[in-house]
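A.B. asks: sequence-free structure coming up:
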């Protein structure tokens with residue numbers, strides 16, 4: 001906690017370093033200056049659970065969502081099995097998130113069920129790195145499975161600079177079919193429309209009760225530039241995340257977000273919701 005408020009980092013990548021692409025490695029070197037990677041990973045690039053747990057505890061993060069990714073042509077493959085040792089080290093803090101790529105997984109609902117059985121509390125879809133649209137009918141069985149079980153779906157909604165990315169697939173308008181066909185599905189827009197879709201992502205979150213705006217990968221001090229007068233209302237639909245380890249620091253970003261929201265006229269209760277209350281509600285965190 002920070003100042004007695006729940007803090008949830010809803011977007012974290014803790015992968016085995018050898019499985020990651022050179023672009024990913026450069027991304028961490030460029031943006032992760034506040035993360036002591038050398039202390040948190042073994043010499044062979046394997047995460048050290050006790051040290052990583054201590055790191056997030058010192059940052060004030062009560063809950064951390066561990067992302068996995070099956071995008072071998074862009075970032076590499078980070079299977080859910082790789083994050084299970086960290087989740088086992090402190091299951092109260094660390095929760096895995098499933099990932100599906102319809103080019104690799106079939107049947108998708110069967111694979112989703114397998115990853116949920118391993119402990120996943122949400123599903124992440126990464127069209128930009130996986131090379132598919134979020135409305136691809138191959139994903140529909142997984143969406144139906146998730147809707148029936150109230151499993152939240154996180155969709156990458158922002159540009160990526162990694163080689164091989166297809167940024168056009170991040171457009172939130174591509175989710176319109178999904179919203180129509182699965183009206184009960186809870187959807188979190190990761191990266192908040194980063195790049196070209198800030199207005200579209202904000203409008204979608206504000207206009208749909210089961211759509212949320214997650215702000216990982218966005219410098220908090222720039223949120224007023226991205227969302228303008230909508231920022232005050234967006235606090236009620238906002239989910240804090242960092243995209244760790246490509247971040248100066250979890251607590252540093254949380255404090256910067258707090259200042260931005262208070263300067264926009266938000267209340268302490270709205271800050272608490274953005275820091276962790278909204279995520280706790282979405283993902284069923286204690």
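C.D. replies: Sure, I can see it. Here the structure is a predicted model, which means the values were calculated and not measured.

A.B. asks: Residue 150 belongs to a helix, doesn't it?
C.D. replies: No. Under DSSP: H, G, I helix; E, B strand; the rest coil, residue 150 falls outside any helix and is assigned coil.

A.B. asks: Could you count how many residues lie near it?
C.D. replies: Neighbour count of residue 150, defined by other Cβ atoms under 10 Å: 10. Every C-beta, even on glycine, is put in place using the N, C-alpha and C of the backbone.

A.B. asks: which residues does it contact?
C.D. replies: By Cβ atoms under 8 Å, 6 or more residues apart in numbering, the contact list for residue 150 reads 184, 186.

A.B. asks: Look at residue 267 and report its pLDDT.
C.D. replies: On the pLDDT scale, residue 267 is placed at 96.

A.B. asks: what's near enough to touch it?
C.D. replies: Listed by Cβ under 8 Å, 6+ apart, residue 267 has no contact partners.

A.B. asks: what's the residue lying closest to residue 283 once chain neighbours are set aside in contact with, if anything?
C.D. replies: Using Cβ to Cβ, 6 or more residues apart in numbering and skipping the chain neighbours, the partner closest in space to residue 283 is residue 121 (5.4 Å). The contact partners of residue 121, by Cβ under 8 Å, 6+ apart, come to 65, 95, 96, 97, 151, 152, 283, 284.

A.B. asks: Over to residue 223?
C.D. replies: Each residue near residue 223 by Cβ under 8 Å, 6+ apart is listed here: 215, 231, 257, 260.

A.B. asks: Select from these the one having the most neighbours.
C.D. replies: Neighbour max across these (other Cβ under 10 Å) = residue 215, 31 neighbours.

A.B. asks: Now do the strands in the protein.
C.D. replies: Ranges of strands within the chain are 8-12, 63-67, 69-71, 76-78, 94-100, 123-125, 153-158, 187-194, 211-214, 238-239, based on DSSP state E.

A.B. asks: where does the chain dip in pLDDT?
C.D. replies: Along the chain, segments meeting pLDDT under 70 span 27-29, 31-35.

A.B. asks: hang on, the earlier thing: could the contacts of residue 121 go into a markdown table alongside distance to residue 115 and neighbour count?
C.D. replies: Listed next are the contacts of residue 121 as a markdown table, based on distance: Cβ to Cβ, whole Å; neighbours: other Cβ atoms under 10 Å:
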| residue | distance to residue 115 | neighbour count |
| --- | --- | --- |
| 65 | 13 | 26 |
| 95 | 12 | 22 |
| 96 | 8 | 24 |
| 97 | 9 | 24 |
| 151 | 10 | 21 |
| 152 | 14 | 22 |
| 283 | 15 | 21 |
| 284 | 16 | 13 |
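
A.B. asks: quick one: which of those residues is nearest to residue 117?
C.D. replies: Residue 117 lies nearest to residue 96 out of the contacts of residue 121, by Cβ to Cβ, at 11.0 Å.

A.B. asks: Touching, the closest one and residue 123? I think so.
C.D. replies: No. Taking contacts as Cβ atoms under 8 Å, residue 96 lies outside contact range of residue 123: 10.8 Å.

A.B. asks: list residues touching both of the two?
C.D. replies: residue 115.

A.B. asks: Surely residue 166 and residue 134 touch.
C.D. replies: No. Using Cβ under 8 Å, residue 166 is not in contact with residue 134, being 11.8 Å away.

A.B. asks: more crowded one of those two?
C.D. replies: residue 134 (25 against 15).

A.B. asks: what sits against that one?
C.D. replies: Counting by Cβ under 8 Å, 6+ apart, residue 134 makes contact with 125, 127, 155, 169, 174, 175, 178.

A.B. asks: okay, among those residues, which ones form the most distant pair?
C.D. replies: Farthest-apart pair in the contacts of residue 134 is 169 and 178; separation 13.1 Å (Cβ to Cβ).
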